[in-house]
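A.B. asks: after the sequence you'll find the predicted model.
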Amino acid sequence: MNLSLGPLLYYWPREQVLAFYEAVASSPVDIVYLGEAVCSRRHELRLSDWIDIARKLRDGGKEVVLSTQVLIESGADVTVLHKIADNGEFMVEANDMGAVRCVENKVPFVGGPHLNIYNLPTLAWMAPLGMHRWVLPLELGRADLALIHQGRPAGLQTEVFAYGRMPLAFSARCFTARHANLPKDDCQFKCIDYPDGLLMRTRENEEFLVLNGIQTQSARVYNLLPEIADMQALGVDVLRISPQAQHTERIIALFQAVISGQLSADVANAELQTLMPAKACNGYWYGKPGLETVSAELAPA
């Protein structure tokens with residue numbers, strides 16, 4: 001089982017991003033996804049910068065995948081999409097069907113978590129287009145995955161989003177700009193003020209959602225570290241960790257220690273709880289509401 005680091009979903013200053021990936025280069029993560037997947041207005045790094053980072057990580061032994069934007073909104077976005085698809089060096093994570101159209105039967109690609117592959121017939125249709133790996137949609141759990149794996153196409157890898165605030169939805173509107181009473185076209189790049197997104201609370205002061213520009217995330221942190229042995233038994237090939245502003249290197253190390261048997265899941269998870277920006281959840285994995293936390297011992301059979 002390998003570890004991947006998903007694309008950076010937040011907007012950080014350029015120097016912070018460069019320093020982050022310098023540290024990632026020496027981490028035990030196997031696969032790194034790079035690129036702007038949320039909003040094309042974010043301009044601290046351009047595509048050429050992401051490719052420079054990709055080359056350095058590749059030279060350090062990492063498998064690098066360039067992620068495409070989830071919501072394509074303009075001709076400029078389409079132009080960037082084609083440049084990513086035609087990069088000629090790195091595999092592509094296709095996050096919408098337009099991206100699939102650009103890469104199908106041309107280069108191997110990863111089917112991102114936003115492609116809505118919810119059943120075996122869809123997976124069987126996508127695989128012959130050149131899909132090398134697919135990412136389980138966030139809402140699906142172990143029972144769904146077990147069913148799909150009964151007929152998974154030969155040679156197709158499965159990746160599971162195993163840690164991080166879940167990217168739940170995208171909109172043409174920018175919620176972070178709206179929070180600051182700014183129009184989207186003059187957002188003043190307010191996302192950069194919130195390195196882990198802008199937390200929303202209910203009237204009862206409970207953590208509810210996180211605003212990240214045009215993206216809505218879960219407030220709680222999805223954590224499947226305790227389920228690593230279960231996922232290994234199910235035949236999962238890759239676990240995805242989503243970057244956060246602090247402690248990502250240590251989180252990667254904890255996951256790797258459990259995968260390799262150097263630490264028990266209980267010991268690693270106890271430390272992991274102290275590194276999260278919010279409470280944990282795992283409801284989707286067990287077929288429950290996503291914000292719930294289900295103990296493996298109490299999970300439905």
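C.D. replies: Looks like it came in fine. Numbers count the residues shown, from 1 in each chain.
A.B. asks: what pairs with the longest strand along the chain, parallel or antiparallel?
C.D. replies: As assigned by DSSP state E, the longest strand anywhere in the chain is strand 157-170. Strand pairing for strand 157-170, using DSSP bridges, gives strand 131-135 (parallel), strand 215-223 (antiparallel), strand 238-241 (parallel).
A.B. asks: so where is the protein shaky, pLDDT-wise?
C.D. replies: Low-confidence segments of the chain (pLDDT under 70): 297-301.
A.B. asks: so what's the residue count around the closest residue to residue 242 other than its chain neighbours?
C.D. replies: Distances taken as CB to CB, 6 or more residues apart in numbering place residue 164 nearest to residue 242, at 2.6 Å, with adjacent residues excluded. Heads up, the C-betas are built off the backbone N, CA and C, glycines and all. By the criterion of other CB atoms under 10 Å, residue 164 has 23 neighbours.
A.B. asks: who is residue 164 paired with across the strands?
C.D. replies: Residue 164 has these beta-bridge partners by DSSP bridges: residue 222.
A.B. asks: what's the separation between it and residue 128?
C.D. replies: 31 Å (CB to CB, to the nearest Å).
A.B. asks: surely residue 185 is within a helix?
C.D. replies: Yes - Residue 185 forms part of a helix when assessed by DSSP: H, G, I helix; E, B strand; the rest coil.
A.B. asks: which residues in the stretch 51-200 of the chain form strands?
C.D. replies: Taking DSSP state E, counting those that start in this stretch to define them, one finds strands in the stretch 51-200 of the chain at 63-67, 91-94, 109-111, 131-135, 157-170, 198-201.
A.B. asks: quick revisit: could I get the strands paired with strand 157-170 as JSON lines with mean neighbour count?
C.D. replies: Formatted as JSON lines, the strands paired with strand 157-170 follow (neighbours: other CB atoms under 10 Å):
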{"stretch": "strand 131-135", "mean neighbour count": "22"}
{"stretch": "strand 215-223", "mean neighbour count": "23"}
{"stretch": "strand 238-241", "mean neighbour count": "23"}
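A.B. asks: what's the burial count for residue 176?
C.D. replies: 24.
A.B. asks: the closest residue to residue 77 other than its chain neighbours: what's it in contact with?
C.D. replies: Leaving out its chain neighbours, the residue that sits closest to residue 77 by CB to CB, 6+ apart is residue 40, at 5.2 Å. Applying CB atoms under 8 Å, 6 or more residues apart in numbering, we find residue 40 in contact with 69, 73-74, 76-77, 80.
A.B. asks: try residue 175
C.D. replies: Taking CB under 8 Å, 6+ apart as the test, what residue 175 contacts is 198, 211, 213-214, 216.
A.B. asks: before we move on, back to that, looking at the strands paired with strand 157-170, which is nearest to residue 187?
C.D. replies: strand 215-223 (13.5 Å; CB to CB).
A.B. asks: got the buried residues for the helix or strand just after that closest one?
C.D. replies: For strand 215-223, the following helix or strand on the C-terminal side (DSSP states H and E) is helix 228-234. Buried positions in helix 228-234, judged by neighbour count with 16 or more other CB atoms under 10 Å: 228, 230-231.
A.B. asks: checking my notes, residue 4 in a helix, right?
C.D. replies: No - using three-state DSSP, the assignment for residue 4 is strand, not a helix.
A.B. asks: look up phi and psi at the closest residue to it other than its chain neighbours.
C.D. replies: Closest residue to residue 4 apart from its sequence neighbours, by CB to CB, 6+ apart: residue 31 at 3.8 Å. The phi and psi values for residue 31, taken as degrees, to the nearest 10, are phi -130, psi 140.
A.B. asks: distance of residue 31 relative to residue 64?
C.D. replies: Distance from residue 31 to residue 64, counting by CB to CB: 8 Å.
A.B. asks: and if you look at residue 152?
C.D. replies: In terms of CB to CB, residue 152 sits 25 Å off from residue 64.
A.B. asks: those two: which is more packed in?
C.D. replies: Neighbour count, other CB under 10 Å: between residue 152 and residue 64, residue 64 has more, with 21 against 17.
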